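>>> Sharing a model that was predicted from the sequence below.
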4 protein chains.
Amino acid sequence: MSITTAPAPLAAADSEALAQRYRDVRALSLALAAPLSDADATAQSMPDASPAKWHLAHSSWFFETFVLRDHLPGYRLVDERWPYLFNSYYEAEGERHARPRRGLLTRPALDEVLTYRARVDEAFLSALPMLAETCPELIELGLQHEQQHQELLLTDIKHLFSCNPLGPALWPPVHEPQHYPTPLVWHAGPEGIVEIGAGAAGFAFDNERPAHPALLAPHALANRTITNGEWFEFIDDNGYATPTLWLSDGWDWVNRESVEHPLYWRRSHHVWEQFTLAGWQPVDPAAPVTHVSFYEADAYAAWAGARLPTEQEWEAAARTADPMAGVQLDGPGPVGPRFEEAGEGFTSLFGNVWEWTGSAYRPYPGFRTAPGAVGEYNGKFMSSQFVLKGGSCATPRGHVRASYRNFFHPHQRWQFTGLRLAKDL
Amino acid sequence: MSITTAPAPLAAADSEALAQRYRDVRALSLALAAPLSDADATAQSMPDASPAKWHLAHSSWFFETFVLRDHLPGYRLVDERWPYLFNSYYEAEGERHARPRRGLLTRPALDEVLTYRARVDEAFLSALPMLAETCPELIELGLQHEQQHQELLLTDIKHLFSCNPLGPALWPPVHEPQHYPTPLVWHAGPEGIVEIGAGAAGFAFDNERPAHPALLAPHALANRTITNGEWFEFIDDNGYATPTLWLSDGWDWVNRESVEHPLYWRRSHHVWEQFTLAGWQPVDPAAPVTHVSFYEADAYAAWAGARLPTEQEWEAAARTADPMAGVQLDGPGPVGPRFEEAGEGFTSLFGNVWEWTGSAYRPYPGFRTAPGAVGEYNGKFMSSQFVLKGGSCATPRGHVRASYRNFFHPHQRWQFTGLRLAKDL
Amino acid sequence: MSITTAPAPLAAADSEALAQRYRDVRALSLALAAPLSDADATAQSMPDASPAKWHLAHSSWFFETFVLRDHLPGYRLVDERWPYLFNSYYEAEGERHARPRRGLLTRPALDEVLTYRARVDEAFLSALPMLAETCPELIELGLQHEQQHQELLLTDIKHLFSCNPLGPALWPPVHEPQHYPTPLVWHAGPEGIVEIGAGAAGFAFDNERPAHPALLAPHALANRTITNGEWFEFIDDNGYATPTLWLSDGWDWVNRESVEHPLYWRRSHHVWEQFTLAGWQPVDPAAPVTHVSFYEADAYAAWAGARLPTEQEWEAAARTADPMAGVQLDGPGPVGPRFEEAGEGFTSLFGNVWEWTGSAYRPYPGFRTAPGAVGEYNGKFMSSQFVLKGGSCATPRGHVRASYRNFFHPHQRWQFTGLRLAKDL
Amino acid sequence: MSITTAPAPLAAADSEALAQRYRDVRALSLALAAPLSDADATAQSMPDASPAKWHLAHSSWFFETFVLRDHLPGYRLVDERWPYLFNSYYEAEGERHARPRRGLLTRPALDEVLTYRARVDEAFLSALPMLAETCPELIELGLQHEQQHQELLLTDIKHLFSCNPLGPALWPPVHEPQHYPTPLVWHAGPEGIVEIGAGAAGFAFDNERPAHPALLAPHALANRTITNGEWFEFIDDNGYATPTLWLSDGWDWVNRESVEHPLYWRRSHHVWEQFTLAGWQPVDPAAPVTHVSFYEADAYAAWAGARLPTEQEWEAAARTADPMAGVQLDGPGPVGPRFEEAGEGFTSLFGNVWEWTGSAYRPYPGFRTAPGAVGEYNGKFMSSQFVLKGGSCATPRGHVRASYRNFFHPHQRWQFTGLRLAKDL
């Protein structure tokens, strides 16, 4: 978030419209968590994941800390013990509960966290006309932050439920037929100098700025991401057992973790099934492959005689596409990614799967973090991770855009991650 | 449990009395768990501990499996998925959910587990007249087993709550004054051949049998266990930093884990506090020290110029004492061990703290395990553990006896463990 | 070593005889290490093992420290840096180089260590007439200590060489035919009270004292240890895959380490081979099985419907046997254990394989450690280990006796360890 | 190495000149290893490092495999067992000895390895006229490869010796006065499109190709790298304890490893000392800081209000500098980096310290690996590492150039690594 350079986008905003947006975003978190019991919302299945209850509390702590505490004179914390529990990683905000032990916080109970949310909402909405004047960027950052945690809440619950032999479902399966994907077609991308990153207008995270020129070599991108059916071929061709396809770290990972298929897949009586938010379901060959790591994506590309796109190539291709298209999250119910109806050019750039790029996550030329604790939001993670683009079926609609830079470590795959091929021309 | 050699103790039992005992034991489990939320009952704070919900389910599974399934013709399991989840360690009963991942079982919910218990109780009580004829020892074993899990439920919840920065209390503190302990006095124990172990009559676990003679050298035992106040002196005399007091494994443990005081102690503004089932409380110098490992107990004894008693010395001293005396568990409420009023001889042999002995946990001469899966109950744990005697404030009243052999690894200390000194004469 | 209670066994000794014994013991260490290169003598293949060079230096440090430094007025250390490097585990002697990093000590070179040995020998032998008066027990302890390290030097080199794909041999194979073992026969042991432990006369380690009565239940012991051929049957009967035969810790170990046969065995073209000090050799079905852990020994006994003997049962049986019999070490050359010619009663009690007993390693009644640093010799290891009896083919002849108590952890098996069955009568 | 696109640089070469170059390179390896004992040359102090003996053997294996075996008809391996032992990481060459266990290879002895080298040299030099025609690129690759292992041999021995409490020296200290560094001055770098990477002529590794345009934003670079004296200020200003200066992974690393200063530094009586190839020496404030990780370099830059240069910025600045300048390795003796006499512009770009850049190590646009096993040389390591430029005092003279891309993980620091600051203009 580039607080200093962005023009205040909400300075003249209708305060009621902002209130409504706030209510909508906050309501979606509750709707997603609605099917969860107190226990469901408390458990933590791995250090990478957080309890649902923690997501609900942390996103409230974010508003309470950076908006109410810092910008509402006389504000008193709902509970002085919450910051220690619900600060995620902001060193400037002091000591905090160890991340891998979040699942031990059976107290406060889910009900107490919901009460905390309600009290923050109340204080926020009462003071909104004033706050919208004084810190509109922080309010917007809080909303965007909450949307990120909505996606994490879903992926983290999916991981937790996948660890349960009962295979519980968050919600019932949706039985819409999957569009059979169009054949894979290559489209040449722009060559030479292109504009990359977010301009000064509108909301963007600090890591998307500043906008700057980048130089692209001749290249082409595939019109769509790889399907489960195509992934079957990789498996059948011994892809997971062919070391020369893999990065060295990836090959170590495959062997150390005995990886033989995407996360959440299992073979049951010769049929591939995958764990979804609606429980175990057959793997649809026509649907986008997802829950693959960067290592897998890179090995697949090597096997296919191609490569992953750079983040600049992807962004240049997506610049004119509609980021509101696709099967993005707008309420409870999504089960997994699906292709939208095929268009002329690129299919499902947004809201399908997070697409691994070949670009390491590093700062843009001229990158500056925001002052204060929110400066830790993105910048300090700029080592050993890779950039993903486009958003997934679990990304709240309206959250993503062409310049958006998501990032994960190359072995991580509990997000809805997939891949699109690129090649040099 | 020595099924083959014990006379059937319940063959002529009044079936209604047995039903009442069953109801009482089962009700205590529910009463202990009553203050717990679904989340509290689901979380697992370390691999050694289990969720409260799991204890409630596992003790029901034990009755369902070894009594109902095996001895009630035509019985159908409440749910065919439960054995996989709630078998603890019985290899003969097949595959099971990994112990360190019990805390991920947010489903079945606590309510479902309570329903499971009710359905097992219903089937059991309906068939009790017949079952009391056919497998009385297994019924008794199931009740004793449930009592063991009642103690574990409390120690495991205590550990879980201790991990929470909020320091929740299971129940309110009890403010009874602690009897100031009598001075430490030595009593000579019996010398020569003594009878050890459980005879054929009455219930005993298989590891207490057969009764057999043992030869004791001249020795004396302290009249009471060590107090917190005496432990302060050990700390102040640098006991935790003096390697020559410690077993080699113990010294490694102290350094690896940075141990400087009993588990659940902390120093807050120069005052020692301890975490209890009623939250953080001051350490009472007059109360028995507890939550010390075998390594700590052994080092303390070395520092005091004494040693730990053997299990035979302890048992010989306790043979004529009343195992129903002491502050044993008979309902919700205990906070920690307390000395009973001082008598003439030994104080608080039972129901105070589990007393570490210097005896490695190994089979008695002539030891035989029961046939079938229940043969795995005790025998397979007879390596690298030490015997503890006497029961604690969290042991259900009526559960313990002089021949009872509890056992834990020398580093473990989340049970209510303490020590009594012995010396050679 | 019980310094205070043992009568000085060497007070009137012929000093020249002692000098000769010293020279003989010290020379054997050199003879065993003679085939080693500087690199062979420096490498450390696991934390449990030490480099040969380290054994040579440490046994010299022992003499230099506890005899020369402490009892020879005006003695100056050969090098003030050696104590830090060559103290093993004596806390009272101060800080020392970390055990798992001994293999990084490429300096001092083997030659320098040999020079160190020579200078200690020179100082020792010059002062021997005086030292033999003032600290005869410490001299004897130093010699016994060196003999223990001679055995360790061989087992540690064997482990190191086994890690080398070239399979180097320390010395050439010996092709003596193995006596085919007599059939396994049971001999009843003494029942009732027997005398156990070392009396006041002669050398014994402190852990063998005091002599004391022990009470034995009716039992029988096998006339010989288990053979490789018998172990084949255990393997063929799925012994390593049958959980109910194993202690719980043992079953965890088998699975964690993927154990399927004794250490140093491999199957090559359907033939079992074992790594020996003469390289890879066929497994001889008639020879004693060795390099099995306590867990394996215990599981084998369970499979055979028997048990391991207690240390008292073993000692009572061995009290009248000749400890100098058997294939004990008296120079370079041993490859593995072999049965001696069968006698009337027990075969190969000494100098065959270290026989696992079912007895945890704990102090005898009235046990006292020696004052000072040598008090750490044995006592501090009395937890989580098991007693082994009888010595092995790599134990220097004259070192072992009936009361000797060796001890290792239940998973360890790089020593020449085997088993003899026992049963209740 | 770009075999397919590079014109054969040696096709017309004077074969004798090539023979001389081969002899010179090979001789330097021997000269560097000359002070080492067999044990020194065998030990491995950490998995990242390899034994000196292994480096000597592996670089011979490289010539034997990719030149002699593949291009000399009828060639027979010196020993068929060596490839298993001395293949580093070439999957296409089959199974191999596990890297962390290289230190257990006490056999073959150093002498045998030297014989192996001699026999490879003999075969190579005999066949050189023919080989220079058929595979000149592979010969050059083998020589460059050997030079890389010369540097690793030194850094690995330094690490090994640093683990020895005796602090051995590889060679005597050099007492040349260090030029006091010129003040830190900023030089603006080229802006806009620059040419990056190695052109088709001359030797370059595959990862330096293809040459391609890159777009540089306005920026400046410091004239020299950071000194030890400047690093003292970072320490004194609490740099290692200020989380907001660090990348998140770096902060975890600092805390996990308790990092408080560069590798090989220690504080002795208030004076900073550093371990060098000549043993422990005082830290010279005027000398370049070295043995810092990427994390440390990045944190220092943040503390200084600057950043690390991108690899393109560095290369653009170095394009016209003389890569033969600086204190590069041309024989035994180097102790650490030193600044060359200050010039007008940049000082010590080459042969000083490997300079961390802010660029993740990823492929250039159009990057292609060579076919066959040598294709694994560089490409498979292109994840989670960072690019370093310029070479160090331990890089053989003539080995480095402006386009050279070295790469290490961000926590690694046993190479001679340092940093030069950059900033946006």
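Received it, and whenever you're ready, just let me know what you need.
>>> pLDDT wise, what is whichever residue of the stretch 301-425 of chain A sits closest to chain B at?
Nearest residue of the stretch 301-425 of chain A to chain B: residue A:414, at 14.2 Å (C-beta to the nearest C-beta). For glycine as for every other residue, the C-beta is placed from the backbone atoms N, C-alpha and C. With respect to pLDDT, residue A:414 has a value of 98.
>>> One more: residue A:115?
pLDDT at residue A:115 comes out at 98.
>>> Report the secondary structure element holding it.
helix A:110-134 (DSSP states H and E).
>>> any residues touching that helix, and which ones?
Outside helix A:110-134, the residues that touch it by C-beta atoms under 8 Å, 6 or more residues apart in numbering or on different chains are A:10-11, A:13, A:15, A:18-19, A:22-23, A:26, A:29-30, A:36-38, A:41-42, A:53, A:56-57, A:60, A:63-64, A:67-68, A:71-72, A:75, A:78-79, A:82, A:108, A:139, B:39.
>>> Selecting buried members of those residues in ChimeraX, what would you type?
Filtering those down to the buried ones (16 or more other C-beta atoms under 10 Å in any protein chain shown) takes a single ChimeraX command:
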select /A:10,13,18,22,26,29,36,37,38,41,42,53,56,57,60,63,64,67,68,71,72,78,79,82,108,139 /B:39
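>>> Would the very next helix or strand once past the helix holding residue A:115 count as contacting chain B?
Note on helix A:110-134: by DSSP H and E, the next helix or strand toward the C-terminus is helix A:136-162. Yes. For helix A:136-162 and chain B, the contact criterion (C-beta under 8 Å from any C-beta of the partner chain) is met by residue A:160.
>>> ends of stretch A:104-113, how far apart?
15 Å (C-alpha to C-alpha, to the nearest Å).
>>> Then stretch A:409-425?
One end of stretch A:409-425 to the other measures 29 Å (C-alpha to C-alpha).
>>> Ok, stretch A:369-386 next?
19 Å.
>>> just stretch A:85-99 next, same as before
Its start and end residues considered, stretch A:85-99 measures 10 Å (C-alpha to C-alpha).
>>> Stretch A:159-167 now?
For stretch A:159-167, the end-to-end distance is 11 Å (C-alpha to C-alpha).
>>> Could you list the residues in contact with it?
A:40, A:43-46, A:49, A:168-170, A:264, A:275, A:277, A:279-280, A:414, B:81, B:84-85, B:97, B:101, B:104-108.
>>> got the domain boundaries for chain A?
Per automatic domain parsing, the structural domains of chain A span A:15-162, A:186-424.
>>> Next one: the longest one, is it in contact with chain C?
No. Domain A:186-424 is not in contact with chain C by C-beta under 8 Å from any C-beta; minimum separation 13.6 Å.
>>> Any idea how far that domain is from the middle of the chain?
Between the centre of domain A:186-424 and the centre of its chain there are 10 Å (C-alpha atoms, centre = their mean, to the nearest Å).
>>> Look up phi and psi at the residue in chain A that chain D sits nearest to.
Residue nearest to chain D within chain A: residue A:360 (3.2 Å; C-beta to the nearest C-beta). Here is the backbone geometry of residue A:360 (degrees, to the nearest 10): phi -70, psi 150.
>>> Once you drop chain neighbours, what's closest to it?
Nearest non-adjacent residue to residue A:360, counting by C-beta to C-beta, 6 or more residues apart in numbering or on different chains: residue D:360, 3.2 Å away.
>>> What's the local residue count around that neighbour?
For residue D:360, the neighbour count with other C-beta atoms under 10 Å in any protein chain shown is 23.
>>> measure residue A:222 to residue A:309 for me?
The gap separating residue A:222 from residue A:309 is 9 Å, by C-beta to C-beta, to the nearest Å.
>>> Which residue, other than its chain neighbours, is closest to residue A:215?
Closest residue to residue A:215 in three dimensions, ignoring its sequence neighbours and counting by C-beta to C-beta, 6+ apart: residue D:215, at 4.3 Å.
>>> Check which helices and strands the helix or strand harbouring that neighbour is in contact with.
Assigned by DSSP H and E, residue D:215 belongs to strand D:212-216. When contacts are defined as 3 or more C-beta pairs under 8 Å, 6 or more residues apart in numbering or on different chains; DSSP states H and E, strand D:212-216 packs onto strand A:212-216, strand D:192-196, helix D:311-318.
>>> Between these, which one is closest to residue D:285.
Among those, helix D:311-318 comes nearest to residue D:285, with 24.9 Å by C-beta to C-beta.
>>> where does the residue in the stretch 51-200 of chain A positioned nearest to chain C land in three-state SS?
Residue of the stretch 51-200 of chain A nearest chain C, by C-beta to the nearest C-beta: residue A:165 (19.9 Å). Classification of residue A:165 using DSSP: H, G, I helix; E, B strand; the rest coil returns coil.
>>> Just the pLDDT for it.
97.
>>> burial count for it?
Neighbours around residue A:165, by other C-beta under 10 Å: 14.
>>> Contact residues of chain A facing chain B?
A:37-43, A:45, A:81, A:84-85, A:97, A:101, A:103-110, A:160, A:163-166, A:168.
>>> What pLDDT does the model give the residue nearest to residue A:215?
Residue-level confidence at residue D:215 comes out at 98, pLDDT.
>>> Return the residues in contact with it.
Residue D:215 sits in contact with A:193, A:213, A:214, A:215, D:192, D:193, where contact means C-beta under 8 Å, 6+ apart.
>>> Wait, the first one touches residue A:312, no?
No. With contacts counted by C-beta atoms under 8 Å, residue A:193 stays clear of residue A:312, the gap being 10.5 Å.
>>> Save the domains of chain A as CSV, and put in distance to residue B:238 too.
Formatted as CSV, the domains of chain A follow (distance: least, C-beta to C-beta, whole Å):
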stretch, distance to residue B:238
domain A:15-162, 30
domain A:186-424, 42
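>>> Just the buried ones from the contacts of stretch A:159-167?
Among these, those classed as buried by 16+ other C-beta under 10 Å are A:40, A:43-45, A:49, A:168-170, A:264, A:275, A:277, A:279, A:414, B:85, B:97, B:104-108.
>>> residues near the residue in chain A that chain C sits nearest to, how many?
Closest residue of chain A to chain C, C-beta to the nearest C-beta: residue A:258 (13.6 Å). By other C-beta under 10 Å, the residues close to residue A:258 number 7.
>>> Quick check: the gap between it and chain B.
For residue A:258, the distance to chain B (C-beta to the nearest C-beta, to the nearest Å) stands at 16 Å.
>>> and if you look at residue A:75?
Separation of residue A:75 from chain B (C-beta to the nearest C-beta): 22 Å.
>>> residues in contact with the residue lying closest to that residue once chain neighbours are set aside?
In this structure, residue A:75 finds its nearest non-sequential neighbour in residue A:68, 4.7 Å apart by C-beta to C-beta, 6+ apart. Residue A:68 sits next to A:75, A:120, A:123, A:124, A:127 when contact means C-beta under 8 Å, 6+ apart.
>>> wait, which of those residues is closest to residue A:336?
For these, the nearest to residue A:336 is residue A:120 (32.5 Å; C-beta to C-beta).
>>> For that closest one, which non-adjacent residue is closest in space?
residue A:60 (4.6 Å).
>>> OK, contacts around that neighbour?
Counting by C-beta under 8 Å, 6+ apart, residue A:60 touches A:86, A:113, A:116, A:117, A:120.
>>> Can you select the buried ones among those residues for me in ChimeraX?
To isolate the buried members of the contacts of residue A:60 in ChimeraX, using 16+ other C-beta under 10 Å:
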select /A:86,113,116,117,120
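>>> Quick check: beta-bridge partners of residue A:279?
Here residue A:279 sits in beta bridges with residue A:276, going by DSSP bridges.
>>> Distance check, it against residue A:171.
From residue A:279 across to residue A:171, the span is 10 Å (C-beta to C-beta).
>>> All good on my end, thank you.
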